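*Asks:* task: produce atomic coordinates for the following.
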Amino acid sequence: MWDAVDDSYFVHRAFLCMALGDMLGSAKMNGMAGHSAIYGDRFSLVKGARSSLKKGSKVQYYPISPPQNAIYNTDRPPVYDLNALPLRTEQNFWDTIQQLSDAVTKAA
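*Replies:* Next comes the predicted model:
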């Protein structure tokens, strides 16, 4: 970089300390699936709700108590308690890393 006061070049070393973004930007920076994933954010384990049983339908939103939950979301709790949301822990992240490490792929 150029220092106009000293009339000379200098080496500038910058370090990224924190990155912020909207949901899509944050998901991209953190390597997450984004707003249509099973879990919508990196903090909680609130499962998304589907509004269709059609093949390929995606999670659309993350309600506390979705309508017709027994029809569309049989693997999801019917209601989440706002005072006791299931939060991610460090162990959740390590378990996920281990599952990814143990995953079998076609690549050798």
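
*Asks:* using CSV, write down the CA coordinates of the strand or helix carrying Thr96.
*Replies:* In this assignment (DSSP states H and E), Thr96 forms part of helix 90-102. Output of helix 90-102 as CSV, limited to C-alpha atoms (Å, rounded to 0.1, in the frame of the first residue of the first chain):
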residue,chain,number,x,y,z
GLU,A,90,-19.9,-27.9,20.6
GLN,A,91,-20.4,-31.7,20.7
ASN,A,92,-23.0,-31.4,17.9
PHE,A,93,-20.4,-29.8,15.6
TRP,A,94,-17.8,-32.4,16.5
ASP,A,95,-20.3,-35.2,15.8
THR,A,96,-21.1,-33.7,12.4
ILE,A,97,-17.4,-33.4,11.6
GLN,A,98,-16.9,-37.1,12.6
GLN,A,99,-19.9,-38.2,10.4
LEU,A,100,-18.5,-36.3,7.5
SER,A,101,-15.1,-37.8,8.1
ASP,A,102,-16.5,-41.3,8.2
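
*Asks:* enumerate every residue touching Phe10.
*Replies:* Met1, Trp2, Asp3 (Cβ atoms under 8 Å, 6 or more residues apart in numbering). The way it works is simple: take the backbone N, C-alpha and C, and place the C-beta from them, glycine included.

*Asks:* now the helix holding Thr96: how far from the chain's centre is it?
*Replies:* Between the centre of helix 90-102 and the centre of its chain there are 14 Å (Cα atoms, centre = their mean, to the nearest Å).

*Asks:* what packs against it?
*Replies:* On a contact count with 3 or more Cβ pairs under 8 Å, 6 or more residues apart in numbering; DSSP states H and E, helix 90-102 meets no helix or strand.
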